[in-house]
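Chemist: Structural data only, the sequence is not supplied:
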DNA sequence: CATCAGTCCTATAACGATAAAAGACGTAGC
DNA sequence: GCTACGTCTTTTATCGTTATAGGACTGATG
């Protein structure tokens, strides 16, 4: 095989939303813009829609013939890039409790298990090594460091430094800076969350991510902003993994965010700093308790085995 | 082609230092340890030495027949891993003044130019992207951000945060901690430098690197320690590129390091912090002036061309 | 005359293959 | 009984190839 057609499949699925009976599809360039792909891919999608009998396509006229049915969609698992599949498989392995820190990791075994090429795994490992969970010596195997308590502590030490600095920078931004408008919008989303938390269950991680990224962007420092990718990834998988008390944790975080936002708005750097620290301390504890639980589970399993 | 035999060639060249007329080579395992390679590679080296008539090899006896000559060595450019060649070529391109920030970068052209495969370039780019000088959008080309003044400022902002924290942590280390002994050794090297700077010309970058890495290690934080790789790489190529006033700059840095060391030893965190800040300010200025000179050269060239 | 589609070329993502290097295991020699 | 060597297996580094996606150019169309 060669390059996978996940971009095509994902965009094809998205494009079906525009296929409304009796309507006419826009120009290729317009479709390309809306779907976020190139015109080449759009043309491939249109060809496929013709083949499926969804549309009639003659140059400028793209007439919808029938509404899409469930079987017109590509299965979801085929729409993710190989790299994403590798990432997910890898993270679920790292987050699972049976990884001993310092254990070796084999590229080709993992590739075989997932049904992808060794290069795909290899490139993932290289990309992933900046997250501090794996390391390698030249010409030797990769070593899994394990998602340990030490890792969480080190991660949060840097996060605190970076976010405090960013929060202070944010508080100093001139009032006409677009970041304030973005903050207003995010604050509104938070209030909506408080009002109907149940309806928005599972959508907090995304909001959380956007909130913290906005804060970090005020640093205007690519290293600080990039570092948030590490935190973001860890939290992304962490949320998926530990669903206990989700509602309560989210509610706490939302309230802390609102205080934090108020602190930023006050223009008093010390206020911003105070609420920033407070929120980070909570987030730190949440992550640490999960990390400890996993480490306990692992050592217990080892004792039982040994 | 497949995996390159640079490990073999490099180790072969090194092994020739042990080939002294009339002597006998140690065991395979011992050689492997000394050369830092596997026994497999050692055996390949011994085979090659036999083929070159350098030694007679019969099981445990490895009798040297003649001293190595100049032509017994592999040329130096064949002893570097492909990845290292890619790195060097890439850095000299980024550091050269004719890169416009935001310009595109083509994997296959670069691969053809260097005579390596596209995968080699690709893996390098992935590895290198954590240095903040390049970026990519999915399914699109790489973008060179350029080694601009903004880059240097952002780099130093983070460096200051990390090194100050590390220096404070260092000052707090208990006196029996091995880091203090390492610091003693490095201090002695600095004093030797002051006494005979000319004899040690060109060897300061290595000393500088080891000194700062030692400081950073006191943070016990993998993210802080890893970040020093970024700084180290930038400085490595920067030193090679800007040789003006080298002696003077080195002498200043050595004196600042000695003050910094004294500050760490005093046990007063404020002292350590003061001299740390002072040294970092100098380093920052040095890098910035070089960055500005390069940016000026570029815009001048562009004006001349436009 | 701006927007659209047809066509073609180029660059990237992913693959599988191969030689180099690492490493494991058993046996021989001192 | 330890150390060293012979042999074999496993794993990585690097390569070249292929299908997909991006993008540029050009003529057609309203």
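Modeler: Thanks, I have it. Remember, it's a predicted structure, so these values are computed and weren't measured experimentally.

Chemist: What residues does the residue nearest to residue A:117 when sequence neighbours are not counted make contact with?
Modeler: Spatially, and ignoring its direct neighbours in sequence, residue A:117 is nearest to residue A:111 (6.1 Å; C-beta to C-beta, 6 or more residues apart in numbering or on different chains). From N, CA and C alone the C-beta is placed, and that goes for glycine too. Taking C-beta atoms under 8 Å, 6 or more residues apart in numbering or on different chains as the contact definition, residue A:111 lies against A:117, A:118, A:120, A:121.

Chemist: Just to check, the last one is in contact with residue A:115?
Modeler: No - applying C-beta atoms under 8 Å, one finds residue A:121 not in contact with residue A:115, separated by 11.0 Å.

Chemist: Who has more neighbours out of these two?
Modeler: Neighbours per residue (other C-beta atoms under 10 Å in any protein chain shown) separate residue A:121 from residue A:115, with residue A:121 holding more: 26 against 9.

Chemist: got the contact list for the more buried one?
Modeler: Contacts for residue A:121 (C-beta under 8 Å, 6+ apart) come out as A:86, A:107, A:108, A:110, A:111, A:114.

Chemist: I'd like to know which of those is nearest to residue A:290.
Modeler: residue A:86 (23.6 Å; C-beta to C-beta).

Chemist: what's the helix or strand encompassing that closest one packed up against?
Modeler: Element membership of residue A:86 [criterion: DSSP states H and E] is helix A:82-95. The contact analysis (3 or more C-beta pairs under 8 Å, 6 or more residues apart in numbering or on different chains; DSSP states H and E) places helix A:82-95 against helix A:107-114, helix A:118-128, helix A:222-241.

Chemist: Determine whether any part of that helix lies close to DNA strand D.
Modeler: No - Helix A:82-95 lies out of reach of DNA strand D by C-beta under 7 Å from any atom of the strand, never closer than 11.4 Å.

Chemist: Next, the angle helix A:118-128 makes with that helix.
Modeler: Counting by axes from the mean of the first three to the mean of the last three C-alpha atoms, to 10 degrees, helix A:82-95 points 60 degrees away from the direction of helix A:118-128.

Chemist: how about the helix or strand following helix A:82-95, does it reach DNA strand C?
Modeler: Sequence order places strand A:103-105 as the next helix or strand after helix A:82-95, per DSSP H and E. No - counting by C-beta under 7 Å from any atom of the strand, DNA strand C is not contacted by strand A:103-105; separation bottoms out at 8.7 Å.

Chemist: and strand A:103-105, does that touch chain B?
Modeler: No - residues of strand A:103-105 are not located near chain B by C-beta under 8 Å from any C-beta of the partner chain, the shortest gap being 15.9 Å.

Chemist: near chain B, which residues of the stretch 1-150 of chain A?
Modeler: So the stretch 1-150 of chain A meets chain B at A:7, A:81, A:119, A:122-123, A:126-127, A:129-130, A:132, A:138-139, A:145 (C-beta under 8 Å from any C-beta).

Chemist: cool, and the stretch 151-300 of chain A?
Modeler: So the stretch 151-300 of chain A meets chain B at A:151, A:154-155, A:157-158, A:161, A:165, A:220-224, A:226-227, A:230 (C-beta under 8 Å from any C-beta).

Chemist: try 7 Å this time
Modeler: With C-beta under 7 Å from any C-beta of the partner chain as the criterion, the stretch 151-300 of chain A meets chain B at residues A:154, A:155, A:157, A:158, A:161, A:221, A:222, A:223, A:224, A:226.

Chemist: what's the closest of the residues of the stretch 1-150 of chain A next to chain B to residue B:12?
Modeler: Using C-beta to C-beta, the residues of the stretch 1-150 of chain A next to chain B come closest to residue B:12 at residue A:139, 15.5 Å.

Chemist: and residue A:188, how far is that from residue A:182?
Modeler: 11 Å (C-beta to C-beta, to the nearest Å).

Chemist: swap in residue A:162?
Modeler: 19 Å.

Chemist: So for these two, which sits in the more crowded spot?
Modeler: Set side by side, residue A:162 and residue A:182 show more neighbours around residue A:162, with 23 against 15, by other C-beta under 10 Å.

Chemist: residues contacting residue A:282?
Modeler: Contacts for residue A:282 were tallied using C-beta atoms under 7 Å, 6 or more residues apart in numbering or on different chains; they are A:252, A:256.

Chemist: can you list the domain ranges for chain A.
Modeler: A:6-77, A:82-144, A:149-305 (automatic domain parsing).

Chemist: Next, see if the first one gets close to DNA strand D.
Modeler: Yes - remark: domain A:6-77 sits within contact range of DNA strand D at A:6, A:7, A:8, A:9, A:37, A:38, A:39, A:40, A:41, A:44, A:59, A:60, by C-beta under 7 Å from any atom of the strand.

Chemist: The residues you listed in helices, which ones?
Modeler: Among the residues of domain A:6-77 next to DNA strand D, the subset assigned to helices under DSSP state H consists of A:6, A:7, A:8, A:9, A:39, A:40, A:41, A:44.

Chemist: ok, the fifth one - contacts?
Modeler: Spelled out, that is residue A:39. By C-beta under 7 Å, 6+ apart, the contact set of residue A:39 is A:28, A:29, A:32.

Chemist: For the last one, grab phi and psi.
Modeler: Pointing back at residue A:32 there. When read as degrees, to the nearest 10, the backbone of residue A:32 gives phi -60, psi -40.

Chemist: That one: neighbouring residues, count only.
Modeler: Other residues near residue A:32 come to 19 when the count uses other C-beta under 10 Å.

Chemist: So which residues on chain A come close to DNA strand D?
Modeler: Proximity of chain A to DNA strand D (C-beta under 7 Å from any atom of the strand) is limited to residues A:1-9, A:37-41, A:44, A:59-60, A:105-109, A:118-119, A:122, A:136, A:138-142.

Chemist: can you tell me which helix in chain A is longest?
Modeler: Every helix in chain A considered (DSSP H), the longest is helix A:269-305.

Chemist: so that helix versus helix A:82-95, what angle?
Modeler: Comparing the axes of helix A:269-305 and helix A:82-95 via the same axes, to 10 degrees yields an angle of 70 degrees.

Chemist: residues of helix A:269-305 that come out buried?
Modeler: For helix A:269-305, burial by neighbour count (16 or more other C-beta atoms under 10 Å in any protein chain shown) applies to A:269, A:271-273, A:275-276, A:279-280, A:283-284, A:286-287, A:290-291, A:294-295, A:298.

Chemist: likewise stretch A:219-238?
Modeler: Result for stretch A:219-238 [16+ other C-beta under 10 Å]: buried residues A:219, A:221-225, A:227-228, A:230-232, A:234-238.

Chemist: just stretch A:18-29 next, same as before
Modeler: Buried, per 16+ other C-beta under 10 Å, within stretch A:18-29: A:18, A:19, A:25, A:28.

Chemist: now, which of those residues lie within helices?
Modeler: Per DSSP H, these map to helices at residue A:28.

Chemist: Just name the closest of the buried residues of stretch A:18-29 to chain B, please.
Modeler: residue A:28 (17.9 Å; C-beta to the nearest C-beta).

Chemist: can you tell me how far the closest one sits from residue A:37?
Modeler: 11 Å.

Chemist: before we move on, what about residue A:67?
Modeler: Following C-beta to C-beta, the distance that separates residue A:67 from residue A:37 is 23 Å.

Chemist: Likewise for residue A:147?
Modeler: With distances taken as C-beta to C-beta, residue A:147 is found 35 Å from residue A:37.

Chemist: got it, and residue A:300?
Modeler: Residue A:300 is 49 Å from residue A:37, by C-beta to C-beta.

Chemist: With residue A:130 instead?
Modeler: Distance, residue A:130 to residue A:37, using C-beta to C-beta: 28 Å.

Chemist: Contact partners for residue A:120?
Modeler: Contact analysis of residue A:120 by C-beta under 7 Å, 6+ apart lists A:82, A:83, A:86, A:111.

Chemist: what comes up buried for stretch A:59-67?
Modeler: Residues of stretch A:59-67 classed as buried by neighbour count (16+ other C-beta under 10 Å): A:62, A:64.

Chemist: That concludes my questions; thank you for your assistance.
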